[in-house]
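*Asks:* Quick one: sequence plus predicted model below, questions after.
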Amino acid sequence: MQDFLDKVSQYPRFLISITLGVFFFVFDKFKPLLNKPVTAIALIGLVMGTFVFLSLTLRAMLGLSPT
C-alpha cells in the first residue's frame, strides 16, 4: 500500500512540472515579441481577450450570473 501511495503522490509533481515546462516554453517563444511596443500591446491584448472569452464562455456554460 505504501508503494501505491508513493506512486500516486508523484502525479501532482509531474503535472506541475509539465505545466511549468509548457508555460516557460511558450513564454520563451513570445519573449522577442515583447521588445517592440506595438507587438507587446497586441500580445497583451490577445492574452486578455482570450481570458475574457474563456471566462464568459464558462459562465454561460455553467449558468452562473454575471455578477
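*Replies:* Looks like it came in fine.

*Asks:* Distance check, residue 15 against residue 53.
*Replies:* 25 Å (Cβ to Cβ, to the nearest Å). To be clear about C-beta, it is placed using only N, CA and C from the backbone, and glycine gets the same treatment.

*Asks:* how distant is the stretch of helix or strand residue 61 belongs to from the center of its chain?
*Replies:* Under the criterion DSSP states H and E, the helix or strand holding residue 61 is helix 37-62. Its chain's average C-alpha position is 12 Å from that of helix 37-62, according to Cα atoms, centre = their mean, to the nearest Å.

*Asks:* what does stretch 5-17 give?
*Replies:* 19 Å.

*Asks:* From residue 21, how far off is residue 11?
*Replies:* 15 Å.

*Asks:* swap in residue 44?
*Replies:* Distance from residue 44 to residue 21, by Cβ to Cβ: 23 Å.
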